[in-house]
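Student: Fold the following for me, if possible:
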Amino acid sequence: MVSHSRELQVCAFRAGGHCFAVESDCVAEVLRTAALTRVPLAPESIVGLLHLRGRIVPVIDVCRRLGLSAAPADAPRTNLVIRVADDFYSLLVDEVLDVHAIDRDRIEQPTAQGGTSTADAVSGVCAAESRLIHILSPERLVQPLQKQRSTPFVRHGVSHGGHGG
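Tutor: You can find the predicted model right below:
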């Protein structure tokens, strides 16, 4: 979908002491508390799965995914559920801030940053009145998870296929 509006509607949030945003169109809902099921052998940024009205949703810790300092284990966190293509993902963030309308002309291309984890997911940067907002590409943010889901299943341990003597 191509938008011809001069303004981009974004949902801003805080993670690791920085301000980030995703386009509001991809936000499905905000959950203050959610029971997570841990996933053995999952990538470090996947902190679990949540059950959302019959749908299993992977939970991505934004701080871990972007290589930022993590929030204390007992700090309250918020799940920002986004839709990417036909899949849902939950972004675990420190705090959801607000919705902004940003003039597209004020969005600048990101410069190379020290952490490639952050640089690969940021599609633009905008200086707001009191903070710098890093606009994330939801597609690039979840891309490592999508790549892993498309890799073939690898068995570990003993085979029970009946081969051998």
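Student: all helices of the chain, in order?
Tutor: 62-65, 116-119, 138-150 (DSSP state H).
Student: Could you tell me the least trusted of those helices?
Tutor: Mean pLDDT values for the helices of the chain show the minimum at helix 116-119, a mean of 62.
Student: remind me which residues of this structure are low pLDDT?
Tutor: Applying pLDDT under 70 to the chain flags residues 1-4, 112-118, 146-165.
Student: Tell me which residue is most central in it.
Tutor: By C-alpha atoms, centre = their mean, the mean C-alpha position of the chain lies nearest to Leu91, the distance being 4.3 Å.
Student: Which residues are in contact with it?
Tutor: Taking C-beta atoms under 8 Å, 6 or more residues apart in numbering, we find Leu91 in contact with 13, 22, 60, 62, 79-82, 141. To be clear about C-beta, it is placed using only N, CA and C from the backbone, and glycine gets the same treatment.
Student: ok, the nearest residue to Leu141 once chain neighbours are set aside - how many residues close by?
Tutor: The shortest distance from Leu141 to any non-neighbouring residue, by C-beta to C-beta, 6 or more residues apart in numbering, is to Ala121 (4.6 Å). Here the number of neighbours of Ala121 (other C-beta atoms under 10 Å) works out to 23.
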